[in-house]
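Peer 1: need coordinates for the following:
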Amino acid sequence: MSGPDPYALFEGNIGCLRDRDRELAERLAALRPDFSAPLHYRFMEARNGDPVPALIDRSCPAGQDRRTEQATARPLHSLFDPRREGERLISTLDGEDFLVFLGMGGAYQVEAALVRTETDRILVVEFGLRGFAELLGLRDLRSLFADPRLRLLVDPRPGVLERLIPDLYLPALGTAIRTLPLRPRVEAAGAEFASAAADIRAAIGRISADYSVQAHFGIRLFKNTLRNLLWAGTGEVPLPRIQRAAVCGAGPSLDSQIPRIAEARRKGRAPFLIATDTSLPALLNGALEPDAVISIDCQHISYRHFIPPRRSNLCKTIPLFLDLASPPSLASLAERPVFFSAGHPLSAYIASRWRPFPLIDGSGGNVTHAAVSLAETLGAAEIELYGADFSYPLGRTYARGTYIFPYFETCQNRLEPLETFFSRFLYRSPLEKRTPPAGPAEGTWYYETETLIRYRNSLEAAGKRMEARLLPAAGLGAPIAGYPAAPQQRGAAGAGGSGRPATGPRQVAGSRQITEPLPAREFLSRYREQIRALPPPLPGKPAGAYLAGLGNEGRQVLATLLPLAAALRRKEPERVGVEIIGRIRDYATGAIDRVLAD
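Peer 2: Modelled structure (predicted):
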């Protein structure tokens, strides 16, 4: 086919790309293709005169069925009107403003998407750097590469997309995502694109789950964190250093495991006992006092775990570890509560700008996972795990003595006895009945839900990454994979420790080293001013364009408000796109003013 010089097109496209992504441009420039004998694409001409890349089919041996170009090369676009084909594809969108294209080809579909005013961000994923270099000799793509909404990703490694998507997909600001595969291209490199699509789905799944939590609890997370800063401002609390730990969840198996823990304690072989807040009543009913308690829930119902006074008084003598977003009423139970950061945007920002906090892995979404992370943070080389059923053995939900029993007892009446409330609680989500494999629980059964399966899988994945040995005790519920292999070589800090200090720059949330933190109220005042400094959004301006206009500090401040934005969007769905930013600025500064006035 005749047309513009492919070498000139290649050089022009590379030059434009160099301004946006120098590293990718240099990699492509080093592969300058021989367009007289292409290895990957043959260029055809559509009926309307546009060039169309056709993927060379090397599965057909020489001399067999090579009578036509179509027999040896598969066009990636229409050979009648590729531009119109791209426009028709984009016309099927229903409000999505973040588009992920799997395969670029001649970029006609990408070009049509950029013409669309609703498009905020575009991510193009391709595989095969040499083939991609040949595509740069097809047509002039400089206007596409110069558009700040477009980002190219060539040959991403597994997991890269899963980490990248959360930085681009912001549902709290009204972003909606759509994946658009270029079918002929995707089918030609099925394994690579299938892996990319799986990473994208995994990222969207996690973002959706996080957004659901933020939409329900974003306001409470924000308010609790602000008020807890006044408690946290009393100074850093030294953390204990431990060699072995036992973490107690609140599953029904804990009932039969408490005597085993008590026997070890009587013989002086008991590890450092960390109780989740839910398991605390069950342990005390079994005459076991833990060495520490951890709570991560931002809801006020968490206070029920510490009623009656015997439980709350215990927290005045042992460490009470609280998420910065925990209810402030829990902080009042301890003489000096130990606050930690579980990765919420606001707590991470506070830790990096004000004072350091222990960093606990809260990604599992449940307190047992966080307790295991706490044990590793304190230096445990071995972590025993009790009451972590992540299922409902024999239809039971919690160990005896936990909060749910006295709570339902106060709710029952003649028409709705205790069993009604337990059944309603059990069947609130779809259940799958399972039978455990041969072992201590053989002959029993348990229910599972999607949420509990996700919790268990997350903990097992964390166990593979940890330096500590994870040793789940046999129970009645779903079995958990343990990792008893010898841990990696540790440093010399602390007997049996992880080689890392329990506090300090490497084991705290945030990357900045803060020597003398400001008083809590002064920090809140400065944070308030940074929120007020966020520019007001222009009506109809997409989220990506707004974020691009912020400096690095402004983007980090805005990130702390995204959970609040999710919650306010749920309450005020009429606010569209970045219009919510003005609302969260006013709400956040008002909440800070109320805390400062107390």
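Peer 1: check contacts around the residue nearest the centre of the chain.
Peer 2: For the chain, the residue nearest the mean C-alpha position is residue 206 (5.2 Å; C-alpha atoms, centre = their mean). For residue 206, the contacting residues are residue 166, by C-beta atoms under 8 Å, 6 or more residues apart in numbering. For the C-beta atoms, the positions are set from N, CA and C on the backbone; glycine is no exception.
Peer 1: now do the SS call for it.
Peer 2: Here residue 206 is helix, with the state taken from DSSP: H, G, I helix; E, B strand; the rest coil.
Peer 1: return the set of buried residues in stretch 125-145.
Peer 2: 125-128, 131-139, 141-142, 144-145 (16 or more other C-beta atoms under 10 Å).
Peer 1: and the end-to-end length of it?
Peer 2: Counting by C-alpha to C-alpha, to the nearest Å, you get 14 Å between the two ends of stretch 125-145.
Peer 1: again with stretch 101-120
Peer 2: Termini of stretch 101-120 sit 14 Å apart (C-alpha to C-alpha).
Peer 1: buried ones in that stretch?
Peer 2: Buried, per 16+ other C-beta under 10 Å, within stretch 101-120: 101-114, 119-120.
Peer 1: now swap in stretch 207-226 and tell me
Peer 2: Under 16+ other C-beta under 10 Å, the buried positions of stretch 207-226 are 207, 210-211, 214-215, 217-226.
Peer 1: and for stretch 38-54?
Peer 2: 38, 40-44, 46, 50-54.
Peer 1: I figured residue 575 hits residue 584, correct?
Peer 2: No - using C-beta atoms under 8 Å, residue 575 is not in contact with residue 584; the gap is 9.6 Å.
Peer 1: those two - which one has more neighbours?
Peer 2: residue 584 (27 against 17; other C-beta atoms under 10 Å).
Peer 1: what about that one, helix or strand, and which?
Peer 2: Per DSSP states H and E, residue 584 falls inside helix 579-597.
Peer 1: which neighbouring elements make contact with that helix?
Peer 2: Helices and strands touching helix 579-597, by 3 or more C-beta pairs under 8 Å, 6 or more residues apart in numbering; DSSP states H and E, are helix 190-232, helix 520-532, helix 552-571.
Peer 1: export those to JSON lines and tack on mean pLDDT?
Peer 2: Shown next, in JSON lines, are these (pLDDT from 0 to 100):
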{"stretch": "helix 190-232", "mean pLDDT": "93"}
{"stretch": "helix 520-532", "mean pLDDT": "95"}
{"stretch": "helix 552-571", "mean pLDDT": "93"}
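Peer 1: among the ones you listed, which is nearest residue 333?
Peer 2: The minimum distance between residue 333 and the helices and strands packed on helix 579-597 falls on helix 190-232, with 10.9 Å, by C-beta to C-beta.
Peer 1: that closest one: what's the following helix or strand?
Peer 2: Trace forward from helix 190-232 with DSSP H and E and the next one is strand 244-248.
Peer 1: I figured residue 394 hits residue 446, correct?
Peer 2: Yes - taking contacts as C-beta under 8 Å, residue 394 lies within contact range of residue 446: 7.0 Å.
Peer 1: any residues in contact with both of those two?
Peer 2: residue 476.
Peer 1: more neighbours, these two?
Peer 2: residue 446 (27 against 12).
Peer 1: contacting residues for that one?
Peer 2: 389, 391-394, 433-434, 436, 476-478.
Peer 1: now with 10 Å, please.
Peer 2: 251-253, 389-396, 431-436, 452, 475-478 (C-beta atoms under 10 Å, 6 or more residues apart in numbering).
Peer 1: quick check, pLDDT for the residue nearest to residue 181 when sequence neighbours are not counted.
Peer 2: Spatial nearest neighbour of residue 181, chain neighbours left out: residue 102 (4.2 Å); criterion: C-beta to C-beta, 6 or more residues apart in numbering. What the model reports for residue 102 is a pLDDT of 97.
Peer 1: surely residue 102 and residue 193 touch.
Peer 2: Yes - the criterion here is C-beta atoms under 10 Å, and residue 102 meets it with residue 193 at 5.3 Å.
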